[in-house]
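Asks: missing the sequence, but the structure's below:
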């Protein structure tokens, strides 16, 4: 909350985060990055819009402690989110970035996201208006076309809500372990 990267004005408390994670995990992944047992970041996905036709799209967010940026954890979280979202039938992934944010732009661009547009002056924080740039990426092949044509478009239910932990050690991109 000490930067415009998040539009939160006050840091959410543990109870608020717990509720967000519990509700969010019903259909979308929440991942936690740890370094020696300390939480140093997280990534999550959420629904793009509430109308049924949007159910095959999701929005992703990655947040890392400043001390842990630039070491592969952001990419590890993003890659893991994309794998989880594809497994859940998501076809299009959107990322919204408050500008300026060169590190996040580099992260998402390196992961294959492309510019889809910029909303001008949509967030007001620290006495300034901020733009939000949206990038998107297609994932998954095929998809639910039969269900879409028939009008029975429904996402699969929860895949057993779980928390994934991205470990910093030994090739952060590949070191995921599901926690019970």
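Replies: That came through fine. Note that the coordinates shown come from a computational prediction; the quantities given were computed from them, not determined experimentally. Residues are numbered from 1 along each chain as shown.
Asks: Bridge partners for residue 119, pull those for me.
Replies: Here residue 119 shows beta-bridge partners residue 132, assigned using DSSP bridges.
Asks: please begin residue numbering at 19 from this point
Replies: All set: I'll call the first residue 19, so the last point we hit is now residue 137.
Asks: Burial check on it, number of neighbours?
Replies: Residues near residue 137, counting by other CB atoms under 10 Å, number 13. Every residue, glycine included, has its C-beta placed from N, CA and C.
Asks: contacting residues for it?
Replies: 149, 150, 152 (CB atoms under 8 Å, 6 or more residues apart in numbering).
Asks: got it, and residue 72?
Replies: Contacts of residue 72 by CB under 8 Å, 6+ apart are 65, 66.
Asks: mind showing which ranges of the chain have poor pLDDT?
Replies: Along the chain, segments meeting pLDDT under 70 span 19-27, 159-198.
Asks: What backbone torsions are found at the spatially most central residue of the chain?
Replies: What sits nearest the mean C-alpha location of the chain, by CA atoms, centre = their mean, is residue 78, with 2.3 Å. Main-chain torsions, residue 78, degrees, to the nearest 10: phi -120, psi 150.
Asks: measure it to residue 42 for me?
Replies: 12 Å (CB to CB, to the nearest Å).
Asks: who touches both of these two?
Replies: Shared contacts of residue 78 and residue 42, counting by CB under 8 Å, 6+ apart, come down to 62, 63.
Asks: And the top helix by length along the chain, what's buried?
Replies: Longest helix in the chain, counting residues (DSSP state H): helix 91-105. For helix 91-105, a neighbour-count test (16 or more other CB atoms under 10 Å) marks 91, 92, 93, 94, 95, 96, 97, 98, 99, 100, 102, 103 as buried.
Asks: Where do the strands of the protein begin and end?
Replies: 48-53, 56-65, 75-82, 110-116, 132-143, 146-156, 181-185, 194-197 (DSSP state E).
Asks: okay, the ones you listed in CSV with distance to residue 33 next?
Replies: CSV is the format used below for the strands of the chain (distance: least, CB to CB, whole Å):
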stretch, distance to residue 33
strand 48-53, 15
strand 56-65, 16
strand 75-82, 18
strand 110-116, 25
strand 132-143, 23
strand 146-156, 28
strand 181-185, 17
strand 194-197, 20
